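A.B. asks: sequence first, then the predicted structure, then my questions.
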2 protein chains.
Amino acid sequence: MTDLAEPTTLRRLDDAGRAAMFTEARTANTFDSTPVSDAELSSIWELAKWAPTAANTQPLRVLYVRTDEGRARLVKHMNDGNKSKTATAPAVAVLAQDTRFHEHIPALLPFRPEMKDALEENEPMRAGIGTFSSTLQAGYFILAVRAQGLAAGPMAGFDAAALDADFFPDGRLRSILVVNIGHPGEDPWFPRLPRLDHTDVITWA
Amino acid sequence: MTDLAEPTTLRRLDDAGRAAMFTEARTANTFDSTPVSDAELSSIWELAKWAPTAANTQPLRVLYVRTDEGRARLVKHMNDGNKSKTATAPAVAVLAQDTRFHEHIPALLPFRPEMKDALEENEPMRAGIGTFSSTLQAGYFILAVRAQGLAAGPMAGFDAAALDADFFPDGRLRSILVVNIGHPGEDPWFPRLPRLDHTDVITWA
């Protein structure tokens, strides 16, 4: 580490933190009955919101489903292989892209408010930024669930059109990922799947 | 926390870890001359690789640029506002999507090897999975840089077509994000930009 003139938060995450966030964290496929409070769910967002997005646009929106009625509605839209996971998760987050995120730009990027109008007129560019940054934020969200001491179970297998018509009927939000959240139940982990070799991923210049 | 029958890594990240990863971490815009070793760069990937992707597809690829020659080539493709940042960063990661990631599926998802052929034939579905999961992995990567005790400077402002033609001439990889990596230099942080109010992001069901 270098000496810095000002206080800094740069610090290597310790081994316990690396294990909890990355090296030993697993996707949970079953959950026990321990409840997850609304305060815990809010705390996940209070972490995830700080990680960076393109032009600070923050296009991700989060619907937290934790009532029996909400969960029953949601399970209908999940693929068959995911229904029982969502049915037993004490809380579920539906992560969605706000297709009109640019309306917030004057507040979020005060030195470039004109970007709002530019994106109003350029739908393909708007969709590109919104899809990219909301997906980045979905990655941050999964790690923030873990940072809160909870198990995450992200699932891409659901009927997005049906889910959106049910939960987001005005058409503004588009779901991108569903994340079960809770404490692991019985046999929660599948055997860990392999990762690509370093040499298949990394090149140098 | 619930009692679990088996050892578990579920644990709430401590305050120092939360600060380093989320609440006090900032995007660095200048870098000092402290080098970043290839071992440090490899360690970033050794963290990021563990976080989940759809069907374990892992479509992200990483080009680490840290030679003077490589950096000079890369700077040409950055937008004007980003050139000086990349020029002074001791290392830069070009994050790219492997458009033929499905070739690895028999090794990565051994119980569903047939998904390789299904995605060979269905290019739109392949592109959708590849774009989504490589972007998730870009989010993991940014947080893994921080976990390594380094500052990350992600940038979407570059000429992707020109960068790809220069560094990935066979057309297989498509760049999605460039991330400066190093130790903060002088005046490294812009004033922190606002985040959306909780009530603008979160809804409940």
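C.D. replies: Nice, thanks for sending it over. Numbers count the residues shown, from 1 in each chain, chains lettered A, B, ... in the order given.
A.B. asks: count the neighbours of the residue in chain A that chain B sits nearest to for me.
C.D. replies: With Cβ to the nearest Cβ as the measure, residue A:139 is the residue of chain A nearest to chain B, at 2.5 Å. Just so you know, the C-beta spots here come from the backbone N, C-alpha and C atoms, and that holds for glycine as well. Per other Cβ atoms under 10 Å in any protein chain shown, the neighbour tally for residue A:139 reads 27.
A.B. asks: now it. Nearest residue, chain neighbours left out?
C.D. replies: residue B:139 (2.5 Å; Cβ to Cβ, 6 or more residues apart in numbering or on different chains).
A.B. asks: also residue A:12?
C.D. replies: Spatial nearest neighbour of residue A:12, excluding adjacent residues (Cβ to Cβ, 6+ apart): residue B:149 at 3.5 Å.
A.B. asks: residue contacts, residue A:100?
C.D. replies: For residue A:100, the contact set (Cβ atoms under 8 Å, 6 or more residues apart in numbering or on different chains) comprises residue A:172.
A.B. asks: residues touching the residue positioned nearest the centre of chain A, list them.
C.D. replies: Centroid-nearest residue in chain A, with Cα atoms, centre = their mean: residue A:138, separated by 2.8 Å. Residue A:138 makes contacts with A:60, A:95, A:154, A:176-177, B:136, B:139, as judged by Cβ under 8 Å, 6+ apart.
A.B. asks: residue A:64: what secondary structure?
C.D. replies: Under DSSP: H, G, I helix; E, B strand; the rest coil, residue A:64 falls in the strand class.
A.B. asks: count the neighbours of it for me.
C.D. replies: Neighbours of residue A:64 using other Cβ under 10 Å come to 22.
A.B. asks: pairing partners for it in the sheet, please.
C.D. replies: Under DSSP bridges, the beta-bridge partners of residue A:64 are residue A:93, residue B:204.
A.B. asks: separation between it and residue B:87?
C.D. replies: According to Cβ to Cβ, to the nearest Å, residue A:64 and residue B:87 sit 43 Å apart.
A.B. asks: what of residue A:201?
C.D. replies: Distance, residue A:201 to residue B:87, by Cβ to Cβ: 26 Å.
A.B. asks: could you give the angle of the longest helix along chain A to helix B:123-147?
C.D. replies: Counting residues, the longest helix found in chain A (DSSP state H) is helix A:123-147. Inter-element angle recorded for helix A:123-147 and helix B:123-147: 50 degrees (by axes from the mean of the first three to the mean of the last three Cα atoms, to 10 degrees).
A.B. asks: centre of the chain to helix A:123-147, how far?
C.D. replies: Here helix A:123-147 is found 7 Å from its chain centre; the criterion is Cα atoms, centre = their mean, to the nearest Å.
A.B. asks: next one: stretch A:47-66
C.D. replies: That offset, for stretch A:47-66, works out to 8 Å (Cα atoms, centre = their mean).
A.B. asks: what mean pLDDT does stretch A:91-108 have?
C.D. replies: For stretch A:91-108, mean pLDDT rounds to 98.
A.B. asks: got the end-to-end distance for it?
C.D. replies: End-to-end span of stretch A:91-108 (Cα to Cα, to the nearest Å): 29 Å.
A.B. asks: before we move on, what about stretch A:24-34?
C.D. replies: End-to-end span of stretch A:24-34 (Cα to Cα): 22 Å.
A.B. asks: same check on stretch A:184-191?
C.D. replies: 15 Å.
A.B. asks: that one near chain B anywhere?
C.D. replies: Yes - Stretch A:184-191 reaches chain B (Cβ under 8 Å from any Cβ of the partner chain) through residue A:184.
A.B. asks: give me the buried positions along that stretch.
C.D. replies: Burial within stretch A:184-191, assessed by neighbour count using 16 or more other Cβ atoms under 10 Å in any protein chain shown, is assigned to A:184-185, A:188.
A.B. asks: go on, stretch A:13-33?
C.D. replies: For stretch A:13-33, a neighbour-count test (16+ other Cβ under 10 Å) marks A:13, A:17-18, A:20-22, A:24-32 as buried.
A.B. asks: is it anywhere near chain B?
C.D. replies: Yes - contact of stretch A:13-33 with chain B (Cβ under 8 Å from any Cβ) involves A:13-14, A:16-27, A:32.
A.B. asks: check residue A:190 and give its pLDDT.
C.D. replies: For residue A:190, pLDDT reads 86.
A.B. asks: now do residue A:5
C.D. replies: On pLDDT, residue A:5 comes in at 42.
A.B. asks: again, but for residue A:51
C.D. replies: Confidence score, pLDDT, at residue A:51: 98.
A.B. asks: ok, back up a step: higher neighbour count, residue A:201 and residue B:87?
C.D. replies: More neighbours surround residue A:201 than the other of residue A:201 and residue B:87, with 19 against 16 (other Cβ under 10 Å).
A.B. asks: need the contact list for that one.
C.D. replies: By Cβ under 8 Å, 6+ apart, the residues touching residue A:201 are B:45, B:49, B:58, B:60-62.
A.B. asks: likewise for residue A:69?
C.D. replies: Per Cβ under 8 Å, 6+ apart, neighbours of residue A:69: residue B:205.
A.B. asks: what's the first helix or strand after the host helix or strand of it?
C.D. replies: For residue A:69, the host element (DSSP states H and E) is helix A:68-75. The C-terminal neighbour of helix A:68-75 among helices and strands, as given by DSSP H and E, is helix A:80-88.
A.B. asks: alpha carbons of that next one, as CSV, please.
C.D. replies: The C-alpha trace of helix A:80-88 is given here as CSV (Å, rounded to 0.1, in the frame of the first residue of the first chain):
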residue,chain,number,x,y,z
ASP,A,80,-40.4,-25.2,-13.1
GLY,A,81,-36.9,-25.9,-11.9
ASN,A,82,-37.0,-22.7,-9.9
LYS,A,83,-40.5,-22.7,-8.4
SER,A,84,-39.7,-24.6,-5.2
LYS,A,85,-36.6,-22.4,-4.5
THR,A,86,-38.7,-19.2,-4.7
ALA,A,87,-41.6,-20.8,-2.8
THR,A,88,-39.4,-21.5,0.2
